[in-house]
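1. Just to be clear, the model below is a prediction. Sequence and coordinates:
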Amino acid sequence: MSYAVEQPFVDVWLPVQVVTDPRKIAVNYVKSWFVIDAVAAVPFDLLLFGTGTSDVSVHHHLYSHT
């Protein structure tokens, strides 16, 4: 995610202007790709581990020694 924050972008509202200001780049990233990146980074298999709805819980049950 940090790579996307450091990348300049072309502002479509201004004629051919590449934005290099770090604050504007960060704001642009938060408004565009941040939510998608944050959701993609969530380890859903670990969140579903205790619910019994994940394949991970099935495999854990097979190897459990209790």
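-> Sure, I can see it.

2. and the strand or helix carrying V10, which strands flank it?
-> Assigned by DSSP states H and E, V10 belongs to strand 9-11. Strand 9-11 pairs in its sheet with strand 17-19 (antiparallel), by DSSP bridges.

3. which helices and strands sit right next to the helix or strand that the strand it pairs with is followed by?
-> Downstream of strand 17-19, the next assigned helix or strand under DSSP H and E is helix 22-32. Here helix 22-32 touches helix 2-6, going by 3 or more Cβ pairs under 8 Å, 6 or more residues apart in numbering; DSSP states H and E. The C-beta positions use only the backbone N, C-alpha and C, and glycine is treated the same way.

4. Give me the below-cutoff pLDDT ranges for the protein.
-> 1-6, 12-14, 50-66 (pLDDT under 70).

5. rerun that using 50 as the cut-off
-> 1 (pLDDT under 50).

6. picking up where we left off before, so what touches the strand holding V10?
-> Strand 9-11 is contacted from outside by V16, Q17, V18, V19, I25, N28, using Cβ atoms under 8 Å, 6 or more residues apart in numbering.

7. Separate out the buried members of those residues.
-> Neighbour-count burial (16 or more other Cβ atoms under 10 Å) applied to the contacts of strand 9-11 gives I25, N28.

8. Any chance of TSV for the contacts of strand 9-11, columns distance to L48?
-> Output for the contacts of strand 9-11, formatted as TSV (distance: Cβ to Cβ, whole Å):
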residue	distance to L48
V16	47
Q17	45
V18	43
V19	40
I25	35
N28	33
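
9. and which of the contacts of strand 9-11 is nearest to V42?
-> N28 (22.7 Å; Cβ to Cβ).

10. Lovely, talk soon.
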